[in-house]
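In: turn this into a structure:
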Amino acid sequence: MSGPELGEFRRGWRVLLTSAAGVACGLSGIPFYALSSFISPLHAQFGWSRGAIGIAGTILVVGNFFTGPIIGHFCDRYGVRRLAAPSVILLAMALSGLALVGGSLSSLYVGYSLVVLGGAATTSVTYTRLVSTWFKRSRGLALGMTMAGSGVIAVVTPLVLSHVIANWGWQAGYLACGLATLIPVPLIWLMRPEKPVGEEKAAAMAWGAAPGDAIRDHRFWTMAAAALLFSPAISAVVIHLQPILTDMGLSPRSIAPCAALLGVGIILGRFLSGSLLDHFYGPVVAMLLFVMPAVGYLMLYSQWLSLAPFAVLIVGMSLGAEGDVFAYFISRYFGLRSYAELFGWIFGVMCLAGGLGPLLILST
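Out: Predicted structure coming up:
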């Protein structure tokens with residue numbers, strides 16, 4: 001790493017830490033990776049099918065299709081802090097409120113809808129914009145490190161929740177999740193100015209395509225098509241990962257550690273994609289990373305228990321690369337002028353397409 005790149009990290013490490021914590025504890029972090037841990041307990045208590053409970057995951061991701069571009073627009077206009085701080089608090093309240101879910105399946109869906117609305121400004125749409133303003137030379141790696149926060153959560157969540165739910169019930173699990181989402185609040189309030197000072201940085205912020213110009217560019221629609229095709233296959237496995245491992249024959253004691261490898265893979269994928277994007281031709285990097293989950297799925301399909309940890313790790317690596325690649329391409333191809341709004345659209349397509357994943361295995 002060269003001197004200018006190291007200088008960016010010395011100046012922007014606080015912003016990087018805040019953004020990583022925000023992504024980890026935000027809507028795309030804790031609520032998403034926690035859902036798999038609640039499927040079996042909710043099925044046991046209320047008799048709901050796995051597929052029906054998995055629709056909550058569809059609500060989580062599809063909701064971002066509607067909120068992502070709107071939040072991105074206001075983020076470009078008013079900044080991250082004004083939106084993220086209150087949204088974190090609303091997310092914590094909504095997630096804790098899921099402990100009150102009753103015997104009606106609709107109450108679960110309403111609860112997760114409130115989670116989406118409350119946490120709309122806690123996704124990578126807001127935090128990656130913040131990081132992109134501070135990092136230029138090493139933007140790929142910085143974005144990867146930011147997104148790695150969700151990988152940490154994917155490791156920790158199944159391990160912690162399996163203990164909490166086993167000892168105090170699924171209601172306590174939701175309360176623990178709500179409390180954990182508040183972690184970024186002090187970091188957001190103590191964060192340095194959102195935009196670095198200096199003429200070069202200011203010029204970089206001013207450059208970029210307007211939304212209308214970007215959507216007439218074939219590269220924007222190529223990214224949207226890639227997200228539309230890739231996201232459903234990933235989300236289907238992530239939401240139903242623990243039930244899939246159960247059906248393979250893993251013991252209850254082995255399932256949580258194996259599922260935690262998804263987070264390890266995400267972290268590795270974040271750093272791998274970020275480093276490669278900074279030094280190699282982006283589309284080739286993306287193509288190689290997006291082929292990886294097919295290998296993991298073949299391992300799961302084989303039903304060989306010894307391959308299960310490797311399969312989960314590989315799927316996690318590809319999942320970790322997905323958001324980084326699109327965030328990087330948006331910032332490089334279209335600049336930072338309307339970055340959050342444009343990434344909000346691509347993120348929304350990712351979520352809308354990802355919402356189809358759980359529906360693909362609804363009947364299982």
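
In: just the CA coordinates for stretch 269-286, please, in PDB.
Out: C-alpha atoms of stretch 269-286 as PDB (Å, rounded to 0.1, in the frame of the first residue of the first chain):
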ATOM      1  CA  GLY A 269     -15.100 -11.900   0.200                       C
ATOM      2  CA  ARG A 270     -15.200  -8.300   1.300                       C
ATOM      3  CA  PHE A 271     -11.400  -7.900   1.600                       C
ATOM      4  CA  LEU A 272     -10.800 -10.100  -1.500                       C
ATOM      5  CA  SER A 273     -13.100  -8.100  -3.800                       C
ATOM      6  CA  GLY A 274     -12.000  -4.700  -2.400                       C
ATOM      7  CA  SER A 275      -8.300  -5.500  -3.000                       C
ATOM      8  CA  LEU A 276      -8.900  -7.000  -6.400                       C
ATOM      9  CA  LEU A 277     -11.000  -4.100  -7.600                       C
ATOM     10  CA  ASP A 278      -8.300  -1.600  -6.700                       C
ATOM     11  CA  HIS A 279      -5.700  -3.300  -8.800                       C
ATOM     12  CA  PHE A 280      -7.500  -5.300 -11.600                       C
ATOM     13  CA  TYR A 281     -10.100  -4.800 -14.300                       C
ATOM     14  CA  GLY A 282     -13.400  -4.700 -12.400                       C
ATOM     15  CA  PRO A 283     -15.800  -6.600 -14.700                       C
ATOM     16  CA  VAL A 284     -13.400  -9.600 -14.800                       C
ATOM     17  CA  VAL A 285     -13.100  -9.600 -11.000                       C
ATOM     18  CA  ALA A 286     -16.900  -9.400 -10.700                       C
END
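
In: can you report how many residues lie near Ser251?
Out: If you count neighbours by other C-beta atoms under 10 Å, Ser251 ends up with 10. Every residue, glycine included, has its C-beta placed from N, CA and C.

In: and it, how close does it get to Cys258?
Out: Ser251 sits 10 Å away from Cys258 when distances are taken as C-beta to C-beta, to the nearest Å.

In: in the stretch 201-350 of the chain, where is pLDDT below threshold?
Out: For the stretch 201-350 of the chain, the stretches flagged by pLDDT under 70 are 201-208, 236, 239, 320.

In: any idea how far Leu277 is from Ala286?
Out: 8 Å.

In: need the residues touching each of those two.
Out: Here Leu277 and Ala286 have Val325 as joint contacts, going by C-beta atoms under 8 Å, 6 or more residues apart in numbering.

In: ranges for the helices of the stretch 151-300 of the chain?
Out: Listed in chain order, the helices of the stretch 151-300 of the chain (DSSP state H, counting those that start in this stretch) span 170-180, 184-189, 199-206, 211-214, 218-239, 241-248, 252-279, 282-302.
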